[in-house]
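Student: pasting a predicted model and its sequence here:
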Amino acid sequence: MKDPETTEKLRRRSQRRSHFTASALVFEPKSEALLRARTGDLGPAGCFIDTLNPFASGTVVKVRINKGGMSFEAWAKVVYTLDSMGMGLVFKPVGPEQLWVLQEWLGDSSGNLLPNISMPQVEDEFSARDARKDIHCQALTELITELIGHGLLPEEKGNAILQKLSRCPQDQ
């Protein structure tokens, strides 16, 4: 059991998270373990998975979150666990189509998109090899998202551009 000060540090995040309940599948590729669970909260950089049997801190997993006919899928890293309660995940960088799902779920009550939604860089064997997008595609995706968010680009046209950007080549 962790002391209260450590537990409080674990609860602090660099970006806000919102209460968000949805079904989740968490796959750990080394053991091929598949965990069916649910989210407790969600933010642009991570989520909390409610489960009695969390994976160990540092474990790399693939998470799929489903809600309202939409799905978000990303590689993630377990950054902390709370015994018999769950685990905190930080997402790896993802493509624009996945960011768009987060934008839809995390937009404010007026329907506006969240400003500056971005994914943190997490250093491990996956971030350098499997999760990098072409830097130009990343920049364009951020620009289009900002233009939509500020009402300077119609949402329909912006979505079409983001869809095209989702097919950008992966860095090798």
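Tutor: Now that the structure is in, tell me what you want to look at.
Student: where in this protein is pLDDT low?
Tutor: Low-confidence segments of the chain (pLDDT under 70): 1-17, 108-135, 166-172.
Student: in the longest strand along the chain, what counts as buried?
Tutor: Scanning the chain for the longest strand, with DSSP state E as the assignment, gives strand 70-82. The neighbour-count check on strand 70-82 (16 or more other C-beta atoms under 10 Å) flags 72-82 as buried. C-beta: built from backbone N, CA, C; applies to glycine.
Student: the closest residue to V26 other than its chain neighbours: how many residues sit nearby?
Tutor: Counting by C-beta to C-beta, 6 or more residues apart in numbering, V26 lies nearest to L35, which is 4.3 Å off, once chain neighbours are set aside. By other C-beta atoms under 10 Å, the residues close to L35 number 18.
Student: would you agree L35 is in contact with L52?
Tutor: No - the criterion here is C-beta atoms under 8 Å, and L35 misses it with L52 at 10.0 Å.
Student: thought P29 was touching V60?
Tutor: Yes - taking contacts as C-beta under 8 Å, P29 lies within contact range of V60: 7.5 Å.
Student: comparing these two, which shows the higher neighbour count?
Tutor: Between P29 and V60, counting by other C-beta under 10 Å, V60 is the more crowded of the two (18 against 12).
Student: wait, that one sits on K77?
Tutor: Yes - with contact defined as C-beta under 8 Å, V60 counts as touching K77 (5.5 Å).
Student: residue boundaries of the helices in this protein?
Tutor: Listed in chain order, the helices of the chain (DSSP state H) span 4-11, 96-106, 125-129, 135-149, 155-165.
Student: of those, give the one that comes closest to S23.
Tutor: helix 96-106 (13.2 Å; C-beta to C-beta).
Student: how much space separates the spatially closest residue to M70 that is not a sequence neighbour from L42?
Tutor: Leaving out its chain neighbours, the residue that sits closest to M70 by C-beta to C-beta, 6+ apart is V101, at 5.4 Å. Applying C-beta to C-beta, to the nearest Å, the value for V101 to L42 is 11 Å.
Student: on that earlier part again, and G88, which of the helices of the chain is closest to it?
Tutor: helix 4-11 (6.9 Å).
Student: now P154: how far from I148?
Tutor: Per C-beta to C-beta, P154 is found 8 Å from I148.
Student: actually F72, not the one I typed
Tutor: 18 Å.
Student: what does M87 give?
Tutor: For M87, the distance to I148 - C-beta to C-beta - is 33 Å.
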